[in-house]
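**Student:** Have a look; sequence and predicted model below, questions after that.
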2 protein chains.
Amino acid sequence: MPLCTLSRRALQLKSSAIREILKITEQPDVISFAGGLPNPATFPVAQIRDAADRVLVEQGANALQYSPTEGYAPLRAWIAERHSLPGAPVSPEQVLLTTGSQQALDLLGKVLIDPGSRVLVETPTYLGAIQAFGLYEPHFVSVPSDDDGLVPESLDDGLCHGARFLYTLPSFQNPTGRLMPLDRRQALVERAARLGLPLVEDNPYGDLCYDGAPLPTLRELNPHGVVYLGSFSKILAPGLRLGYVIAETALIGKLVQAKQAADLHTPSFTQIVAHQVVKDGYLSQHIPQVCQLYATQCQAMLQALEAHMPAGVHWNRPRGGMFLWLALPEGMRSLDVLQRALAEKVAFVPGEPFYTGAPDPRTLRLSFVTVPPARIEEGVARLGRLLGA
Amino acid sequence: MPLCTLSRRALQLKSSAIREILKITEQPDVISFAGGLPNPATFPVAQIRDAADRVLVEQGANALQYSPTEGYAPLRAWIAERHSLPGAPVSPEQVLLTTGSQQALDLLGKVLIDPGSRVLVETPTYLGAIQAFGLYEPHFVSVPSDDDGLVPESLDDGLCHGARFLYTLPSFQNPTGRLMPLDRRQALVERAARLGLPLVEDNPYGDLCYDGAPLPTLRELNPHGVVYLGSFSKILAPGLRLGYVIAETALIGKLVQAKQAADLHTPSFTQIVAHQVVKDGYLSQHIPQVCQLYATQCQAMLQALEAHMPAGVHWNRPRGGMFLWLALPEGMRSLDVLQRALAEKVAFVPGEPFYTGAPDPRTLRLSFVTVPPARIEEGVARLGRLLGA
């Protein structure tokens, strides 16, 4: 007899078949385009080492003690300043530090979702958000989307009635890498405001923009209509688990109460170390270096795809981020192809788990940031042969 | 108009009046017995500094990258070994690292509590557990308890019917500092097993035992009947936010799925650093030093209480931990006394928020670990005068 009776939400948790398959990809001889990991060459190890040492020497007791749920005050202030615009300042009280931005998704689910609440998402959308929100048993509504992201015109009274929020990643989305153009951003925030639909903008990849100028965020276009999620995972290091929410102070207050129950606070040590690293402008030289590396990696993947993919395979040309989205020829399923690819020691993530509605079974996600260019060429060539090129 | 519609559970979140009052206690001229903080003099700053440096030099990319939800494998193995008994080994697969043991409470609530589920707790019990479980809307049942902890004989079929679990802190409980004696521990695990009642044993203070030999944990008395929560907050440093769950692998599997949605994983960096610090036996010299300091602090508080408290005030004599529980004379309310105490620049936590049932309004919690002995004397003397000594 099992010791414990599980809650209804726990019974709904399913072990992901894909997760099991992907364990194979951890074998060193597999060329894996499956991971969602940043390239560790971008981690500022020396800067973090210096900062950790300085923090422990100068304020060791502070860095190792309990600290406020809201986050380390100087880091909150730094984030607020970074996101302030002329005429639209962000106050530190609008910022909550979270244990990775994944925690922000969980906290938002906790304070905004009742069982059966309508939650609007893009098609496809970030798997981690489906998992985090899913535990609060919403009714997901998959909003029509295309290569430019979700289609604002599809939002109407019927779709949005009673919806708690629309969750969107307008910049270099995980899984697709797609970028929502400026006119669509404007149309989206205007339509959402008219419909009374709160927007949750998740923007972990926005700084990884290596083709063209960065676009304004939805928050910048309408600060009062958007709950914004940021992250240090892609621009500093994910192993620190540092993310943040920017929102109206009333919502921040509720999120703080939920966070206090969830983990009291994000580690003091990692917050103070991160603040030491970023406070004097380090990111303005670091982010361009990350972008340069990822642009090269992206180019290698695009060239390999052009060289090796048969007719009928389609993919996008990301202008930033870490991922590319590919569609197999009509009638093929990426889940089937994955089985054969793994036999050839190549891996990717099939698209299906990223859909809350009917999936497009031909789709798959390729990460291009961790595999060296020569291995990208080899891996894509193997995939091409599988697909009959 | 507020931007977002809140969930039912968020609407139930109340801003704590006591939390507001306690903000006053952060003023430097207040003698505060209110905090739940360890004494920062016990933090092994030099050891953590060395470890952080070594980790970043030797495995910087590893420490800064995403890592498994279950936790850093060598740390899981170290915890498993530390909790293994002859004939009753703990496997690393039974261990889940959490972002502080507060997160373990949240994850357990998530996977074990449905709205209306009966959850049994001691009288009084840890406020953070009430907050964490409370978000999942259980029906709390307050189990009769006395100076030796909860009374096992009060557990019967009626009380336990359909209960998801009993949450208990048998060693130096927060808030009371009380210790459940061995015979009661045995009676509790036997009765719980007979009733099919899972026990959740929260043990952050068990190592802080400075008067007599440590007692076996409930888990040690019945490994299969207990979900065990451990923490590095009181024996290393709370600012690292490192706790863990030990349970059957089936439950660990569900908790891992919930944790993946909650924050992906606990920071890699802090886990690897903590492992570096503890792996070669450091705690066996460190914990006795913490105990020695806290024993001295406890003694100072007990002497001050004996010297300054009027007749009719009662308190316990903790044999470990960080807290002492005091009851005012019949007819007095600790909440009222707190207002007057704050005017005299002394602070404590009133007992009321620690009760899920009818509170004993005369009770209050005193922390004795952070205030220097001379200030303890002065603070208790002020309280004594207030109470008419």
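**Tutor:** Great, that's in hand. Everything numeric in this text was worked out from a predicted model, so none of it was measured.
**Student:** Please list the residues of the stretch 201-350 of chain A that sit near chain B.
**Tutor:** Applying CB under 8 Å from any CB of the partner chain, we find that the stretch 201-350 of chain A lies next to chain B at A:224-225, A:227, A:233, A:237-241, A:247-248, A:250-251, A:253-254, A:257-258, A:260-270. The way it works is simple: take the backbone N, C-alpha and C, and place the C-beta from them, glycine included.
**Student:** Can I get the buried ones among these as something I can paste into PyMOL?
**Tutor:** Selection command for PyMOL covering only the buried members of these, criterion 16 or more other CB atoms under 10 Å in any protein chain shown:
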select buried, chain A and resi 225+227+233+237+238+239+240+241+247+248+251+253+254+257+258+260+261+262+263+264+265+266+267+268+269+270
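**Student:** Please identify the buried residues of the helix ranked longest in chain A?
**Tutor:** Scanning chain A for the helix with the most residues, using DSSP state H, yields helix A:282-308. For helix A:282-308, the neighbour count (16+ other CB under 10 Å) marks A:283, A:286-287, A:290-291, A:293-295, A:297-302, A:304-305, A:308 as buried.
**Student:** and what of stretch A:207-222?
**Tutor:** In stretch A:207-222, counting by 16+ other CB under 10 Å, buried: A:207-210, A:215, A:217-222.
**Student:** Of the residues you listed, which is the nearest to chain B?
**Tutor:** A:Asn222 (10.5 Å; CB to the nearest CB).
**Student:** Next up, identify which helix or strand the nearest residue to the closest one once chain neighbours are set aside is on.
**Tutor:** Leaving out its chain neighbours, the residue that sits closest to A:Asn222 by CB to CB, 6 or more residues apart in numbering or on different chains is A:Val189, at 4.1 Å. Secondary structure from DSSP states H and E places A:Val189 in helix A:182-195.
**Student:** Next, give phi and psi for the nearest residue to A:Ala247 once chain neighbours are set aside.
**Tutor:** Of all residues not flanking A:Ala247 in the chain, A:Val227 sits nearest, at 4.5 Å (CB to CB, 6+ apart). Main-chain dihedrals, A:Val227, degrees, to the nearest 10: phi -100, psi 120.
**Student:** helix or strand right after the helix holding A:Val189?
**Tutor:** With elements assigned by DSSP H and E, the helix or strand that comes after helix A:182-195 is strand A:199-202.
**Student:** other SSEs contacting the helix or strand following that next one?
**Tutor:** Scanning forward in sequence from strand A:199-202 by DSSP H and E, the next helix or strand is helix A:218-221. Packing partners of helix A:218-221 (3 or more CB pairs under 8 Å, 6 or more residues apart in numbering or on different chains; DSSP states H and E): helix A:182-195, strand A:199-202, strand A:226-231.
**Student:** what is the rounded mean pLDDT of the longest one?
**Tutor:** Confidence for helix A:182-195, expressed as mean pLDDT, is 97.
**Student:** related to what we said a few turns ago, how far away is the residue nearest to A:Asn222 from chain B?
**Tutor:** Distance from A:Val189 to chain B, counting by CB to the nearest CB, to the nearest Å: 13 Å.
**Student:** Now do the contacts for that residue.
**Tutor:** Neighbouring residues of A:Val189 by CB atoms under 8 Å, 6 or more residues apart in numbering or on different chains: A:199, A:218, A:221-222, A:225-226.
**Student:** tell me, how many neighbours does A:Gln339 end up with?
**Tutor:** Using other CB atoms under 10 Å in any protein chain shown, A:Gln339 has 10 neighbouring residues.
**Student:** so it, which of the three states?
**Tutor:** At A:Gln339 the chain is in helix, as set by DSSP: H, G, I helix; E, B strand; the rest coil.
**Student:** mind checking pLDDT for it?
**Tutor:** At A:Gln339, the model reports a pLDDT of 91.
**Student:** I'd like the next helix or strand past the lowest-mean-pLDDT helix or strand in chain A.
**Tutor:** When the helices and strands of chain A are compared on mean pLDDT, DSSP states H and E, helix A:17-23 comes out lowest with a mean of 68. Counting by DSSP H and E, the next helix or strand C-terminal to helix A:17-23 is strand A:31-32.
**Student:** Provide the strand pairings for that following strand, with the direction of each partner.
**Tutor:** If you go by DSSP bridges, strand A:31-32 pairs up with strand A:346-347 (parallel).
**Student:** Need the contact partners of the partner strand.
**Tutor:** Contacts of strand A:346-347 with the rest of the structure, by CB under 8 Å, 6+ apart, involve A:22, A:24-25, A:30-34, A:338, A:341, A:379, A:382-383.
**Student:** Kindly give a single PyMOL line that selects the buried subset of those.
**Tutor:** Only the buried entries of these go into this PyMOL selection, using 16+ other CB under 10 Å:
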select buried, chain A and resi 22+25+30+31+32+33+34+338+341+379+382+383
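**Student:** contacting residues around A:Ser67?
**Tutor:** A:265, A:268, A:271, B:239.
**Student:** I meant A:Leu197, not that one.
**Tutor:** Counting by CB under 8 Å, 6+ apart, A:Leu197 has contacts A:120, A:155, A:160, A:163, A:165-166, A:191.
**Student:** And A:Thr5, by the same measure?
**Tutor:** Contacts of A:Thr5 by CB under 8 Å, 6+ apart are B:112, B:164.
**Student:** Next, it: phi, psi?
**Tutor:** With angles defined as degrees, to the nearest 10, A:Thr5 sits at phi -90, psi 130.
**Student:** what about it, distance to B:Asp202?
**Tutor:** Distance, A:Thr5 to B:Asp202, by CB to CB, to the nearest Å: 20 Å.
**Student:** So A:Thr370, which state does it fall into?
**Tutor:** Classification of A:Thr370 using three-state DSSP returns coil.
**Student:** from memory it sits against A:Thr42, does it?
**Tutor:** No - the pair A:Thr370 / A:Thr42 is not scored as a contact, 10.1 Å apart, by CB atoms under 8 Å.
**Student:** got a list of what the closest residue to chain B within the stretch 251-389 of chain A touches?
**Tutor:** Residue nearest to chain B within the stretch 251-389 of chain A: A:Ser268 (3.6 Å; CB to the nearest CB). Counting by CB under 8 Å, 6+ apart, A:Ser268 makes contact with A:62-67, A:72, B:239.
**Student:** Could I get the full set of helices for chain A?
**Tutor:** A:8-12, A:17-23, A:45-64, A:73-82, A:100-112, A:127-134, A:157-160, A:182-195, A:218-221, A:249-263, A:268-278, A:282-308, A:334-343, A:373-386.
**Student:** got CSV for those, with distance to A:Leu324 too?
**Tutor:** What follows is these, written out as CSV (distance: least, CB to CB, whole Å):
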stretch, distance to A:Leu324
helix A:8-12, 31
helix A:17-23, 18
helix A:45-64, 28
helix A:73-82, 28
helix A:100-112, 22
helix A:127-134, 16
helix A:157-160, 29
helix A:182-195, 20
helix A:218-221, 23
helix A:249-263, 33
helix A:268-278, 29
helix A:282-308, 6
helix A:334-343, 13
helix A:373-386, 11
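**Student:** of all those, which has the lowest average per-residue confidence?
**Tutor:** Looking at these, the bottom one is helix A:17-23 with a mean of 68.
**Student:** A:Cys160 and A:Gly388: what is the separation?
**Tutor:** Per CB to CB, A:Cys160 is found 44 Å from A:Gly388.
**Student:** can you list the domain ranges for chain A.
**Tutor:** A:8-32+A:284-388, A:65-281 (the TED database).
**Student:** can you tell me the distance between the two ends of the longest one?
**Tutor:** One end of domain A:65-281 to the other measures 27 Å (CA to CA, to the nearest Å).
**Student:** Tell me how far it lies from the chain's centre.
**Tutor:** Relative to its parent chain, domain A:65-281 has a centroid offset of 9 Å by CA atoms, centre = their mean, to the nearest Å.
**Student:** cool, the shortest one as well?
**Tutor:** Centre-to-centre, domain A:8-32+A:284-388 and its host chain are 16 Å apart (CA atoms, centre = their mean).
**Student:** Near the nearest residue to A:Ala237 once chain neighbours are set aside, how many residues? Count them for me, please.
**Tutor:** Using CB to CB, 6+ apart and skipping the chain neighbours, the partner closest in space to A:Ala237 is B:Leu64 (3.7 Å). If you count neighbours by other CB under 10 Å, B:Leu64 ends up with 27.
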